[in-house]
Structure formats: structure tokens, C-alpha cells
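Chemist: need coordinates for the following:
(2 chains)
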Amino acid sequence: DQQVKQNSPSLSVQEGRISILNCDYTNSMFDYFLWYKKYPAEGPTFLISISSIKDKNEDGRFTVFLNKSAKHLSLHIVPSQPGDSAVYFCAASGDQGTGGSEKLVFGKGTKLTVNP
Amino acid sequence: KAGVTQTPRYLIKTRGQQVTLSCSPISGHRSVSWYQQTPGQGLQFLFEYFSETQRNKGNFPGRFSGRQFSNSRSEMNVSTLELGDSALYLCASSRGGADTQYFGPGTRLTVL
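Modeler: This is a model prediction of the structure:
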């Protein structure tokens, strides 16, 4: 049972336009969401996160929106640049009260291609 | 501040062998998590260690084990390797609690 879903395996966008990557989740216990960017043969790089007490978080060109009632989040990249071309993973975690990091549950990723 | 480091970066083993992978977290981070990435399954959680104690474990067989040392460095061991264990193994560290996890470059394991 996939708890975090990224339904678009790929997305192609023109340079300068907006890229919108979507993510849906099923577990209502998730309360912290993250986006990672990954190049081939490298580890994921943290981009931006959002707590369930917020509905929006911005960091430069990156904005994440969270709709808790729909169990949906999205990552907006504006303006998109060719260097943004990578695989983007959505991840979620829930408070397990163990004092350690909560495990991350990942979506299967969306490959973004930004064309010059 | 140095990032998460993993050694070795690449490894080739044959079925039935065992392998040990190493992870050094970011200085000051006490939590280390391990993930397996395969084309079919994506990124899957293996286990997490905090202050030398395993806090969480994913749905992997007992052939996958790990440990954490007092300096927060962690090792992951896979025994009796199978072809399906070929994957990118990623380590992530954080301060613990609801803190962002930062990933290392991974170890690419190929089982022949």
C-alpha cells in the first residue's frame, strides 16, 4: 500500500515557466512533509519542507503548498531553470514519539525536465 | 560543515556473500537512517539509529542489520546476498526528533 503517491512520473516545462509537482498521501498521521531533489548517482538533496500546521512555505524560487483536507501537497518552482532538471521526491513523516527521527515515506518521484 | 559521507561508493559482490556499508553523519547529528533505492520500489526505509539504539525498522528481512557507534557513525550489514539486493543504499542523518534528514551520496551495491 503506497502511502505517498506521485502520480506523474515525468514533467516537461519550458525555461522561465512554472513547474508544479504534485504529491498525495493517505496516512492522516503524517505531519511533516519534505521535497528532495535527486540527480543520478547522487543522494537526495533537501529542498524545502512544511509542517502540517502551515499551508504554505516559501524559499526563494520554491514554494510548497499543503492541503490537509485533500491530503495533497505541491511544489511550485518559479521560474524554472534548466539546472532544475532532476527527479523530485516527495516524502512524509509522522510523529512517532520515539525521540529519534521519524522514518520518511517517499513517493516514487517525478522526473522534471526544464527545456532551454 | 562536512556533509554525510558513505563508503564505499561502489561495491560488487556475488550471491551468498555478505557486505558492510559505512556512514558518517554530519557533525552533531545523532540520528542515522538507512534507505534502499531500487528502480521498482523507489526509496524504502530500512532502519534508524539514535544514540546507538535502533528506534525504527522497516519491512526488510533479518539479513539486513545495522549498528551505530558512540561517535554516531553507523554501519549496515547485509548477509547472504541475493540478486535482488542490488540497489543504491542511502544513509541520512539528522539531529533527531522532527528534524530534516540530510542524505549522503549513497553506496551502489551490485550483486552478481
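
Chemist: from here on, contacts and neighbour counts on C-alpha atoms
Modeler: Fine.

Chemist: for the one residue in chain A that gets nearest to chain B, give me phi and psi.
Modeler: Chain A approaches chain B most closely through A:Gly43 (4.1 Å), counting by CA to the nearest CA. The phi/psi pair for A:Gly43 (degrees, to the nearest 10) reads phi -80, psi 160.

Chemist: now A:Asn27: phi and psi?
Modeler: Listed backbone geometry of A:Asn27 is phi -90, psi 110, with angles given as degrees, to the nearest 10.

Chemist: B:Val78 and B:Phe60 touch, don't they?
Modeler: No: applying CA atoms under 8 Å, one finds B:Val78 not in contact with B:Phe60, separated by 10.6 Å.

Chemist: who's in contact with the residue sitting nearest the centre point of chain B?
Modeler: When chain B is reduced to its mean C-alpha position, the closest residue under CA atoms, centre = their mean turns out to be B:Trp34, at 3.4 Å. For B:Trp34, the residues meeting the contact criterion (CA atoms under 8 Å, 6 or more residues apart in numbering or on different chains) are B:Phe45, B:Leu46, B:Phe47, B:Glu48, B:Met76, B:Tyr89, B:Leu90, B:Cys91, B:Ala92.

Chemist: most neighbours among those residues, which one?
Modeler: Neighbour counts for those peak at B:Cys91, which has 33 neighbours (criterion: other CA atoms under 10 Å in any protein chain shown).

Chemist: excluding chain neighbours, what is closest to A:Val64?
Modeler: If the residues on either side of it in the chain are set aside, A:Val64 comes closest to A:Leu75, at 4.5 Å by CA to CA, 6 or more residues apart in numbering or on different chains.

Chemist: before I go, just wanted to say thanks for your time.
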